[in-house]
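J.: Please work out how this folds:
(one chain, ligands or ions: 2)
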Amino acid sequence: MVTKNKKKKFVFGLKQDRQLDGDKMNSDFMQKVIAEGGKGASIAACMQCGTCSGGCTNIDVMDMSPRTLILMIQRGEWEKVLQSNTLWMCSSCYICTSRCPRGVRPSDVIEAVKVIAIAQGIHNDSTKFNQIFVDLVQKRGILFEPELMHRYGGLQAMIEQAPLGIQLVLRGKMSPFPETIKNPQQFNQALQKAKKNDGNND
Ligand code: SF4
Ligand code: SF4
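T.: Ligands and ions are numbered 1, 2, ... in the order given. A predicted model of the protein is given here:
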């Protein structure tokens, strides 16, 4: 028998079963994310329209779309959020943030979740790469890509990437030797200031 009161799944193009009522949201979890650097983010305002996912430049390699990630944060599904490769595939291009009609700022939310994930000791290829990248930039103020490649993937990675490296050098996009910055003292002062500010925010 066909029932007349069949439950509507869509309202104005939005899937009802995706949206969370305010009282079903995990406010503790959302506040934690906001406090860790997503102060501009208004996670609760997300209406699951999917505009962020539709414009995301890296969605093909993500296992969870930015829209779903925001929903999981609203629900307090911490484990799923932490396990997602979306945190590390996001390139911080800010397209999602510029397009979101509700001011959610998904890119800032992802950055905030990454800070929490690293603080909780998450280790993977991306965190390893990030750490080496930061170490090398702090070391001389400018990246020397072959050194990054060597520290990250060893000799084998250098050999594999050599053809690309040679092309970049020939086109003037990469120096074959480590470069120096103009004012290392000023750079070090800025670095110390940033570390101090970071420490004050802990
Ligand atoms: S664009 Fe904004 S409101 Fe729409 S799903 Fe993404 S975060 Fe939510
Ligand atoms: S900032 Fe990240 S999540 Fe947002 S559109 Fe860019 S890659 Fe996608």
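
J.: any idea how far residue 49 lies from residue 98?
T.: Here residue 49 is placed at a distance of 14 Å from residue 98 (Cβ to Cβ, to the nearest Å). Quick note: C-beta positions are derived from backbone N, CA and C, even for glycine.

J.: Between those two, point out the one with more neighbours.
T.: The neighbour comparison of residue 49 against residue 98 (other Cβ atoms under 10 Å) goes to residue 49, with 20 against 11.

J.: For this structure, what lies in contact range of ligand 1?
T.: Counting by Cβ under 6 Å from any ligand atom, the chain comes close to ligand 1 at 46-52, 66-67, 70, 100-102, 104, 106.

J.: Any of those buried? List them.
T.: Those of the residues of the chain next to ligand 1 that meet the buried threshold are 46, 48-52, 66-67, 70, 100, 102, 104, 106, by 16 or more other Cβ atoms under 10 Å.

J.: near ligand 2, from these?
T.: Answer for these near ligand 2 (Cβ under 6 Å from any ligand atom): 66, 106.

J.: just checking, which of the buried ones among the residues of the chain next to ligand 1 belong to helices?
T.: Counting by DSSP state H, the part of those found in helices is 51, 52, 66, 67, 70, 106.

J.: As a check, name the ranges of all helices in this structure.
T.: 27-35, 51-55, 66-75, 78-83, 86-89, 95-99, 106-119, 125-140, 145-170, 184-201.

J.: And the ones you listed, which one averages the lowest pLDDT?
T.: When the helices of the chain are compared by mean pLDDT, helix 27-35 comes last with a mean of 79.

J.: Summarise which helices and strands it is packed against.
T.: Secondary-structure packing of helix 27-35 (3 or more Cβ pairs under 8 Å, 6 or more residues apart in numbering; DSSP states H and E): helix 66-75, helix 106-119.

J.: 10 Å instead, please
T.: helix 66-75, helix 78-83, helix 106-119 (3 or more Cβ pairs under 10 Å, 6 or more residues apart in numbering; DSSP states H and E).
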